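1. Sequence first, then the predicted structure:
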Amino acid sequence: MDIVVRNAKLRGQKNTVDICIEKDRIVSVAPKAPGQGRQEIDAGGSLVLPGLFNLHHHTDKSLLGEVMRPNVSGTLPEAIEITNEFKRNYDPAEVARRTGRVVEAGIKNGTTFFRLFADVGTIGGLRGARGLLLAREKYNKYCDIQIVAFPQEGIVRDPGTAELLDEAMKEGCDVVGGLPWYEYTDAEAREHIDICFNIAKRHGRDIHMLVDDTDDENSRSLEYLALKTMREDFHGRVAASHCGAMAAYNDVYAAKIVDMVATAGVTISVNAHINLVCSARLDREPKRRGIARVKELLARGANVVSSQDDVNDPYYPFGKPDPMECALMIAHVAQLTLPHELEQAIDMITVNAARAARVTDYGIAPGKRADLVVVDAPSVHEALRLQPVRRHVIKNGREVARTVVTQQFITS
Ligand SMILES: [Zn+2]
């Protein structure tokens, strides 16, 4: 046995188990494993989760906060403006270095799968995407990385971008991005979505768009995206991030959209960190939260994930990045506080995200890929509450990160 993780507490189970790993696979999960592993890890009754996901993260912009001018208005338009100043001069090697720093931080927090977004458009060309491709090459033995070619300035309103997206897919990007709500009119938002589907079909790839990231109740591209997903038979292959306009929709229209999203199998990615600071900047009181209707989506059986989006960039000044924090954040914003709801929050950084990325060998069971995280807490509840360190992170059957912390209460 290459690795044996002993005394592991799995979700929903009372007693601990030993997890045996050979090469990149889990070979057994049983109360007591005989023999000795080449590496022995004692979880000591701690929660062990399968590798965590961060399904939406713009690492081409990450850490620009260290060098940029402040975003005075705190709004999306000013963030885009500041980013553009950098994008004109992006150097792929420099983008890869910043990406590497946040990917390493994410791995230490238990992330084994990243879906990274790279701006693709006429301002930065393919330089951001090439930076992420370089980073993927360097880090692909420590984690899985998918790269989304993302048209941050729109497609119809930024002529030349459709061709650049196509080129980005040829150069090795994995997922077709989109930003339909950013187009000038509803008709052009629909055209934007059509173009994305055409590129995705041409390259046999999935789609992950940023949709209706606005407080405008009339921003309705999610409706067309869900319809298009059904018509094109892309069930389970499309994700939509943000969708904050859902919070502004009237309840009758929102119910129709929730139903369409569930029927189409569109995954909704909530990005609570950024939307809590960026949305509703024009509201007086009460201020909206700009968050998709999570509880209604879950009740209807839609797939919902929670992800990071930003780390210290023109949009958002914080971010560790840590999927466990994303789970805690969505638990607050969507008011997930009951025991089964805490499990739903953890699903959003594990199984739901794996389903969205169509990873089929995911989980803690014999035959599954050996991606594991030993969380320094005995349960899901305590993991969310305490946000403890991840003691060990295993990717493809190899330990890739370890954290030891000593904390002491000193009596006098
Ligand atoms: Zn984003």
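-> Looks like it arrived, so ask away.

2. From now on I want contacts and neighbour counts done on CA atoms only, so please keep to that.
-> Noted.

3. And residue 152, how far from residue 216?
-> Distance of residue 152 to residue 216, given as CA to CA, to the nearest Å: 19 Å.

4. And the two? Which one has more around it.
-> residue 152 (23 against 16; other CA atoms under 10 Å).

5. Which residue, other than its chain neighbours, is closest to that one?
-> Nearest residue to residue 152, sequence neighbours excluded (CA to CA, 6 or more residues apart in numbering): residue 119, at 5.6 Å.

6. helix or strand for residue 241, which one?
-> Assigned by DSSP states H and E, residue 241 belongs to strand 238-242.

7. strand partners of that strand, parallel vs antiparallel please.
-> Partner strands and pairing direction for strand 238-242 (DSSP bridges) are strand 206-211 (parallel), strand 267-270 (parallel).

8. so residue 32 sits in a helix?
-> No: applying DSSP: H, G, I helix; E, B strand; the rest coil, one finds residue 32 to be coil, outside a helix.

9. Check whether the spatially closest residue to it that is not a sequence neighbour sits in a helix, strand or coil.
-> The shortest distance from residue 32 to any non-neighbouring residue, by CA to CA, 6+ apart, is to residue 18 (5.7 Å). State at residue 18, reduced to three classes by three-state DSSP: strand.

10. my read: residue 18 touches residue 35, true?
-> No: counting by CA atoms under 8 Å, residue 18 does not reach residue 35; the two are 11.3 Å apart.

11. a strand runs through residue 401, doesn't it?
-> Yes: with three-state DSSP as the criterion, residue 401 is part of a strand.

12. For it, give its distance to residue 103.
-> The gap separating residue 401 from residue 103 is 12 Å, by CA to CA.

13. When these two are compared, which one has more neighbours?
-> Taking other CA under 10 Å, residue 401 and residue 103 do not tie; residue 103 has more neighbours (26 against 19).

14. in which helix or strand would I find that one?
-> helix 92-108.

15. sorry, back to before: which of residue 18 and residue 35 has more neighbours?
-> Each of residue 18 and residue 35 has its neighbours counted (other CA under 10 Å); residue 18 has more, 21 against 8.

16. Kindly state the beta-bridge partners for the more buried one.
-> Beta-bridge partners for residue 18, by DSSP bridges, are residue 30.

17. Doesn't residue 129 belong to a strand?
-> No: counting by three-state DSSP, residue 129 is not part of a strand but helix.

18. I'd say it and residue 149 touch.
-> Yes: here residue 129 lies in contact with residue 149, judged by CA under 8 Å, at a distance of 6.8 Å.

19. which residue ranges form the helices in the stretch 101-250 of the chain?
-> For the stretch 101-250 of the chain, applying DSSP state H, counting those that start in this stretch gives helices covering 127-139, 161-170, 186-203, 221-231.

20. and the angle from the first one to helix 161-170?
-> Our comparison of helix 127-139 with helix 161-170, counting by axes from the mean of the first three to the mean of the last three CA atoms, to 10 degrees, yields an angle of 10 degrees.
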